[in-house]
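Asks: quick one, what's the 3D model for this:
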Amino acid sequence: MVTNKGHTLAFYVTPGRLPAIVLDAGGGLDASYWKKIAPVLAKSTGSEIITYDRSGEGRSSDVPGPWKAQDAVSDLAAGLAQLGATKDVVLVSHSLAGEIATYFVRQHPHWITGAVLVDASLPEFYTDSETAKLVAANEQQIAALKGQPQTRAIRQLLAVAANYGPVHRAYHKLAWPQDVPATAIVSSGTPFVTTSDAQLWRQAQQEFVGAAPNRRLVVAEHSSHDIPVDRPDVVINAVQEMVKRVR
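Replies: Sure thing, here's the model as predicted:
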């Protein structure tokens, strides 16, 4: 258990050598999301494997107020520092965790030696028009959630939804450091049901990869947004290749 700014976070470690592999699940998910992948990576790479529960998830304590990627970066950095994993880290980030990864690698570029972004939320997706569209589409759902009993899951959803527009307009302006290699895995299904949103999601992944020569795009065929569940083999292969590349 790691303490940061008055709250506690649960980290889980499989010992091994460098590079350490840090697995960060998407929104509303905890470390158990990686149960199919973590043991395989530990055996196949011999690397140290680190998973954790973000604040409000799993065994980690709740934090009141809006969710901010910068706060999640602080939590992850505190845990990795206590574990001594402050260099030669391969970061594997799914969905919402892509926002944490982007802020993290900009703040701690010398900690991260490579990243695998799994259908990750990337800055390129959040154009002004798309962000406005998402805010409008979510208004009814957010109002309904506020009227329901405030379970832990609902509080987390509302925390992520708070200030969504300004947060993602600011996020859209960020860029991944040119010297940190990354593999972007995009699902065939994407997180969206509408054709225009799904197309923009794919375009954002392609735009991200095309911005530097040390980036690679992988398509997870026959997969929903939950690639680690539907196609764990694709994630495992991408991480193994990244470890070989940076080791």
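Asks: same question for the helix or strand containing L76: list its buried residues.
Replies: Using DSSP states H and E, L76 falls within helix 69-83. Residues of helix 69-83 classed as buried: 69, 71-80, 83 (neighbour count, 16 or more other CB atoms under 10 Å). Every residue, glycine included, has its C-beta placed from N, CA and C.
Asks: okay, now the sheet partners of the helix or strand following that helix, with direction.
Replies: Using DSSP H and E, the helix or strand that follows helix 69-83 in sequence is strand 89-94. If you go by DSSP bridges, strand 89-94 pairs up with strand 17-24 (parallel), strand 112-118 (parallel).
Asks: closest to L158 out of the ones you listed?
Replies: Nearest to L158, of all these, is strand 17-24, at 21.3 Å by CB to CB.
Asks: residues contacting the closest one, please?
Replies: For strand 17-24, contacts defined as CB atoms under 8 Å, 6 or more residues apart in numbering pick out 31, 34, 37-38, 41, 45-52, 54, 76, 80, 85, 87-94, 97, 100-101, 113-114, 239, 243, 246-247.
Asks: next one: the very next helix or strand once past that strand to chain centre, how far?
Replies: Once the chain leaves strand 17-24, the next helix or strand it forms, by DSSP H and E, is helix 38-45. Chain-centre distance of helix 38-45: 20 Å, with CA atoms, centre = their mean, to the nearest Å.
Asks: which strands and helices sit next to helix 38-45?
Replies: Judged by 3 or more CB pairs under 8 Å, 6 or more residues apart in numbering; DSSP states H and E, helix 38-45 is in contact with strand 11-14, strand 17-24, strand 47-52, helix 232-246.
Asks: circling back: tabulate the CA atom coordinates of the helix holding L76 in PDB.
Replies: Taking C-alpha atoms only, helix 69-83 is exported to PDB below (Å, rounded to 0.1, in the frame of the first residue of the first chain):
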ATOM      1  CA  ALA A  69      -5.200  12.900 -15.100                       C
ATOM      2  CA  GLN A  70      -2.500  15.000 -13.300                       C
ATOM      3  CA  ASP A  71      -3.600  13.600  -9.900                       C
ATOM      4  CA  ALA A  72      -3.500  10.100 -11.300                       C
ATOM      5  CA  VAL A  73       0.000  10.800 -12.600                       C
ATOM      6  CA  SER A  74       1.000  11.900  -9.100                       C
ATOM      7  CA  ASP A  75      -0.400   8.600  -7.600                       C
ATOM      8  CA  LEU A  76       1.400   6.400 -10.200                       C
ATOM      9  CA  ALA A  77       4.600   8.300  -9.700                       C
ATOM     10  CA  ALA A  78       4.400   7.900  -6.000                       C
ATOM     11  CA  GLY A  79       3.900   4.200  -6.300                       C
ATOM     12  CA  LEU A  80       6.700   3.700  -8.800                       C
ATOM     13  CA  ALA A  81       9.100   5.800  -6.800                       C
ATOM     14  CA  GLN A  82       8.400   3.700  -3.600                       C
ATOM     15  CA  LEU A  83       9.000   0.500  -5.700                       C
END
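Asks: for that helix, which helices and strands make contact with it?
Replies: strand 2-4, strand 7-9, strand 11-14, strand 17-24, strand 47-52, helix 97-107.
Asks: could these go into CSV alongside distance to N214?
Replies: Compiled in CSV, the helices and strands packed on helix 69-83 are given as follows (distance: least, CB to CB, whole Å):
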stretch, distance to N214
strand 2-4, 31
strand 7-9, 31
strand 11-14, 28
strand 17-24, 16
strand 47-52, 20
helix 97-107, 13
